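Engineer: only geometry, no sequence info:
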């Protein structure tokens, strides 16, 4: 897990941005209204939040592709594959990167 990184892809400020989250993250860091990129060191997951926009999805997918290409150049001995994951359908390889993974709880505001 030394190589695990989490990025948030959002356009909530009126422009698209990708920002890295802290290195010690949990399931609650997955923003349901955004798209997240998780790099496990061997695989890159594009997690699609149910409230994310079409623009966020398209730009996050392109960002993830560019990221995978960049990492292939930076670490040719650690090639990464890219997989799309929707909320509620996370594979074990994705879930194990988060502290205390459990069932999603619908939040009331």
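Structural biologist: Sure, I can see it. Computed from a predicted model, the values in this text were never measured in an experiment.
Engineer: residue 24 - nearest residue in space that isn't next to it in sequence?
Structural biologist: Counting by Cβ to Cβ, 6 or more residues apart in numbering, residue 99 is the residue found nearest to residue 24 once chain neighbours are left out, at 7.5 Å. For glycine as for every other residue, the C-beta is placed from the backbone atoms N, C-alpha and C.
Engineer: show me the beta-bridge partners of that neighbour.
Structural biologist: Residues in a beta bridge with residue 99, per DSSP bridges, are residue 26.
Engineer: that one: neighbour count?
Structural biologist: 10 (other Cβ atoms under 10 Å).
Engineer: residues in contact with it?
Structural biologist: With contact set as Cβ atoms under 8 Å, 6 or more residues apart in numbering, residue 99 has these partners: 24, 25, 26, 27.
Engineer: over to residue 46?
Structural biologist: 35, 36, 37, 60, 61, 64, 82, 83, 84, 85.
Engineer: from residue 14, how far off is it?
Structural biologist: Distance from residue 46 to residue 14, counting by Cβ to Cβ, to the nearest Å: 23 Å.
Engineer: what's the answer for residue 102, then?
Structural biologist: Distance from residue 102 to residue 14, by Cβ to Cβ: 34 Å.
Engineer: the two: who's more crowded?
Structural biologist: residue 102 (9 against 6).
Engineer: residue 46 pairs with what?
Structural biologist: residue 37, residue 84.
Engineer: buried set for the top helix by length along the chain?
Structural biologist: Secondary structure of the chain per DSSP state H: the longest helix is helix 54-74. Buried residues in helix 54-74, counted by 16 or more other Cβ atoms under 10 Å: 56, 57, 59, 60, 61, 63, 64, 67, 68, 71.
Engineer: report pLDDT for the most centrally placed residue in the chain.
Structural biologist: The residue lying closest to the centre of the chain (Cα atoms, centre = their mean) is residue 37, at 2.1 Å. pLDDT recorded at residue 37 is 97.
Engineer: surely it touches residue 62?
Structural biologist: No. Judged on Cβ atoms under 8 Å, residue 37 makes no contact with residue 62 at a distance of 11.2 Å.
Engineer: drop anything exposed from the contacts of residue 99.
Structural biologist: Looks like the contacts of residue 99 have 25, 27 buried, using 16+ other Cβ under 10 Å.
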